[in-house]
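Engineer: Following is a predicted model, sequence given first.
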Amino acid sequence: MIIFLTYFSLLIAFVAIVAKVFKYITTPEHLRWELYPVPHEKGRSKYGGSYFEELDWWSKPRRTDMFNELKEMAEEIFLLKGVYRNNKRVWKSSFPFHIGMYLSIGWLVLLLIGAVLEGNGIAVSSSAGVIGRVIYFATLIFGYSGLILTGIGAFGLFLWRISNSEQRIYNAPADYINLILFDIVILISLISHFTVDSGFSIIRGYVHSLLTFSTVKSIPGIMELEIVLISLLIMYIPLGRMSHFVAKYFLYHSVRWNDEPNERGSKIEKSLMKLLQSKVGWSAPHIQTEKPWIELVKETGDEQKTD
Amino acid sequence: MSKRPTKLKDISKNTERLHTILSGDLPPLPYPYEDWEDKPISEIPESKRKGKDISLDGVMNLSVPIPKTEGEKAEMVAKFLSGLRKLLTQENNWTFLEPFLLSLDNCVKCNTCSEACPIFEMSGRAEIYRPLFRSDILRRIIKKYLSPTGKLTAKFTGADIDLNWETVARLAQLSYRCTLCRRCAQACPMGVDNGLITREIRKLFSQELGIAPAELHKEGTVKQLSTGSSTGISPVALMDLFEFMEEDITDRTGMNIKIPFDKPNADILLLHNAGEFLSWPENIEAFAIIFEMAGINWTLSSELVGYDSVNYGLFYDDIQLARVTLKHAEIAKKLGVKKVVIGECGHAHKAIMAIGDRIWLDGVNIPRESCFATLEDLILNERIMIDPERNNFPVTLHDPCNITRSMGIIQPQRNIIKKICPQFREMTPHGVNNYCCGGGSGFAIMQSNNFPDWRYQVSGRKKFAQLLNAFTKEEIDSKTNKYVCAPCSNCKGQIRDLLTYYDAWDKVRLLYGGLVELIVNGMTDVREGFLEWEFH
C-alpha cells in the first residue's frame, strides 16, 4: 500500500511545483522594478552600477557578464550569500539545512541510479565493481550527511524561531510544525538506517519497485514508517512556503535583475501594447472605470474626476 | 503607555492608539548631538483632526475619514476588499502583478529586512514600523479573506487578522510610514520587496477608495496635470521666473545668458523638478550656465507639465504615474528633441527612465539620459574647465535611492565630485547601500499637521547621523563650512528641513545644495563665488 502513497505524493509534488511555475510564468509583462547591484552588468556590478551611467547608453552595445550572474547564483544557492551577509544568526542554521537538503536530494538521485543499475544486473555494494562501489559509497556519504545536516539545520531554525521574542510575533503554528516535521522524518530515517538498512540496500530495492511498478518486497516496520513520512514530506514541501526555490528564480530573474531595456518594435513593447487594451476596473473618482488603459492614461486636466 | 510589544492582531483593536513615539525611545545622535533633546511629537487637537483617524501612531499625513455609522464602516471594508481583489488581477494590475505576487507569497519571515530599515531602527525598533509588520498584515488578510480555505486554516497559517475598519484605516496610515527606499528589499535573501508591497497598499487606497495624501494627489498629480506643475507655477508665471533667473545669473556671474525654451529639434530637452524654480533657482541657473558654456543645443519646455519633471504617481498610483509620464513623452516628441535629460531629481529619473521605459512606447520612445552622465562627459572631457581650489572645503555626497539603488547610477556623480572637490568625504554606507534622506516617496513635501516632527525625528534621523559622521571631529569642531551635495530636489528639501530642525548650520556649519552649483562654483570661466554660504 505504501507504494501508492509514494506515487501519490510524487504526483502531488509535481503538480504543485508545475502549478507554482505556471502561476508566475503566466503573469504579464510588468513595469521595471529592478534593484541594484545587478550581477550581469559587466564591469559595474561590483559597485552596483548600470548602463544608465553611460552617455547615450541606448546607442551603445550592452555589455553583459553572464559568468558573473552564474557565479552570483551559485554563491546564493550553495553558500546562501545573502543570508550570510545580512543575517549571520539565521545563516548558522539555514546553511546546514539547505546544504543538507541538497545532499538529501542527491541521495535520492543516487538511490535512483543505484536502482537502475541493479535492475540492469550491475550490483551496488561495497564489494561490487567500480561503478557499483562508487554509487554505493556516494549514496552512503550523501545520505547520512544530508540527513544529519538537514536535521541540525531544522532544529537550529526551530530554536531560533521559538527563542527570539521579536521573531515569535510573526511565526504561525505552521512555521514550527514544518521544522518539527523535518526533524521527525530525519530522526526516524536515521534510526531506520542505523538499525535495519545501514547500506541503503532495502530502500534502493524500494526505489526499484517504484521504478518498475513491481511488488514491494517485505520491508521492516521502521522503514515503512520512514517511507510513509518521507512521502508525506515530499508532498507537503511544494504546498507550503518551503518551496521558495521555485519563486526565488522569478524574484531574481523577472524582477530584481530584470533591466532589459524596451526597444521600438521589441517583444516587450508588443506585449505591453496588448496589455494597454485591458479594461480598467478601479473605482476611485479620478479613474473612469471600464475604459482601456490606453484611453484612460491619455486623459488629463478637466477630463479627470477628482474628489 | 504600556511597553507590551505590539502584535499583528492589535491592528484590528478598537484602541485609541497603537503606538506612541516617545523621545526617550529614539536612539542617540553622534557628536556633537549626543545630548540633543527632541521635542515631543506634537499632538493634533480634535478640532484639527476634523473627523480623521490617527489611531496608528498619532501622526497625520493622510486623511482617513472615520466612518460615522456601522454601514459606512462596512462599506469601507468592502471597498478595501474589492480593491485587494483588483490588485491580484491581471487586467487591473498588470503593471506590478508578478513582483507583487512573488513578494506576497515568498517571505520566510527571517526579519533580515528589519535590520536594514532606517525607520525601524531610528524609531527605537517600534514594532509597527518593522517592514514585515505591514506586509504580513496584508498577507494574512489575503490568506484569510481571499483564499478558499483561508478561514478554515487561519489558526494554523497565522491568517487570523480581523478585517474591520480599524484595520483598514491603520493599514492606510501604515503605508505612509515607509519611504519606499527599498533597502529592506536589497537585504532580503529571497528578493521579497516590502517597499513594493507598501506601494501596492497605497495604490489600492488611491485607485479604489480615493484615499491619498493631498500633497501627492490633489495638490500633486491632479494639479500638475491641470495647471502644469504641482508647485502651482503656470506657463505665464514661468516666463517671469525665466526672466528673474537670467537677471540673477548676470548678478552672480556677470554673464548674459538667455535660458532657451520650446526650441524645436534641440539636441536636449532638459526636465527639471519645478520645486527648483521656487526654492533653488540657482540649480536651474547653474545648469543653464554649464550647458551654454559647453555649447550644447538644449531647451526647456514651457508647455503644461513639460516644465515639471515631478511625477508623484510613482509613489502611490499607476494611473496618475502613466498620465504624467506620457505627458512628458508627448512634449518631448512634439519638440522633436534628440534626447531628454533629467535634471537633479531622483524620482523623476526613475519615473521617466526606468518605469517610463515600459510606458514611453512606440512613437514616443525617445532616448532619455541622466544629467549625471551628461555632466560627467562635460567635466571629464574638459568641455568646461574647473579649478578645484575654488571648491576646497569638505564635501559629502548624498545618494538618492531612486537614482542609486533603483537605477544603478553611482559613479558619474562621484567622478565629477572627485575631480572638482579636493576634500570629498564618502558617507558610510554609500552608493547602492545608502540610507534614504527620510523624505522619500513624497514625504519631503508633506508639511502639514505633525508629520514634519516624525520626518525629522524618525525617518530622517539616520541620514542626519550619517551627515555628521561623514566629517571628522576636527572638521566639526573647527566650524569650517561643509557642503552636503544632495543631487535630488526632494532629498534636498528633506536635508534642508533636517539641518533647520537640528540647527546644523549654526552649530556645525553644514550647508546643502546640488551638484551643478558645485560645478559652476569651480568653473574658471565664471566669476568666483557662485556658492553663497548662506542657509536658506
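Structural biologist: That came through, no problem.

Engineer: and residue 84, how many neighbours does it have?
Structural biologist: Defaulting to chain A. 17 (other C-beta atoms under 10 Å in any protein chain shown). C-beta here means a position set from N, CA and C on the backbone, and glycine is covered the same way.

Engineer: Correction: the question concerned chain B.
Structural biologist: 19.

Engineer: what's the nearest residue to the closest residue to chain B within the stretch 151-300 of chain A if we skip its chain neighbours?
Structural biologist: Per C-beta to the nearest C-beta, residue A:172 is where the stretch 151-300 of chain A lies closest to chain B, at 2.7 Å. Closest residue to residue A:172 apart from its sequence neighbours, by C-beta to C-beta, 6 or more residues apart in numbering or on different chains: residue B:158 at 2.7 Å.

Engineer: Identify the residues contacting that neighbour.
Structural biologist: A:170, A:171, A:172, A:173, A:174, A:175, B:140 (C-beta atoms under 8 Å, 6 or more residues apart in numbering or on different chains).

Engineer: The fourth one touches residue B:155, doesn't it?
Structural biologist: Yes: contact status for residue A:173 versus residue B:155: in contact at 6.9 Å, counting by C-beta atoms under 8 Å.

Engineer: What parts of the stretch 401-536 of chain B come near chain A?
Structural biologist: B:404, B:405, B:406, B:407, B:408, B:409, B:410, B:411, B:412, B:431, B:432, B:433 (C-beta under 8 Å from any C-beta of the partner chain).

Engineer: Take these and write them to a markdown table, including neighbour count and secondary structure.
Structural biologist: Shown next, in a markdown table, are these (neighbours: other C-beta atoms under 10 Å in any protein chain shown; DSSP: H, G, I helix; E, B strand; the rest coil):
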| residue | neighbour count | secondary structure |
| --- | --- | --- |
| B:404 | 25 | coil |
| B:405 | 27 | coil |
| B:406 | 28 | coil |
| B:407 | 27 | coil |
| B:408 | 27 | coil |
| B:409 | 29 | coil |
| B:410 | 26 | coil |
| B:411 | 18 | helix |
| B:412 | 25 | helix |
| B:431 | 21 | helix |
| B:432 | 23 | helix |
| B:433 | 18 | helix |
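
Engineer: any idea which of those is closest to residue A:89?
Structural biologist: Distance to residue A:89 across those (C-beta to C-beta) is lowest for residue B:433, with 20.3 Å.

Engineer: Retrieve the pLDDT associated with residue B:48.
Structural biologist: pLDDT, residue B:48: 87.

Engineer: Please identify the helix or strand for it.
Structural biologist: Taking DSSP states H and E as the criterion, residue B:48 maps to helix B:46-49.

Engineer: Report the next helix or strand after that helix in sequence order.
Structural biologist: Following helix B:46-49 in sequence, per DSSP H and E, is helix B:70-87.

Engineer: Can you list the buried residues in that next one?
Structural biologist: B:73, B:76, B:77, B:79, B:80, B:81, B:83, B:84, B:85, B:86, B:87 (16 or more other C-beta atoms under 10 Å in any protein chain shown).

Engineer: And that helix, what does it pack against?
Structural biologist: helix B:90-93, helix B:131-146, helix B:165-174, helix B:194-204 (3 or more C-beta pairs under 8 Å, 6 or more residues apart in numbering or on different chains; DSSP states H and E).

Engineer: what about the helix or strand following the shortest one, near chain A?
Structural biologist: Reading on from helix B:90-93 to the C-terminus, the next helix or strand found by DSSP H and E is helix B:97-105. Yes: where contact is defined by C-beta under 8 Å from any C-beta, part of helix B:97-105 touches chain A, namely B:97, B:98, B:99, B:101, B:102, B:103, B:105.
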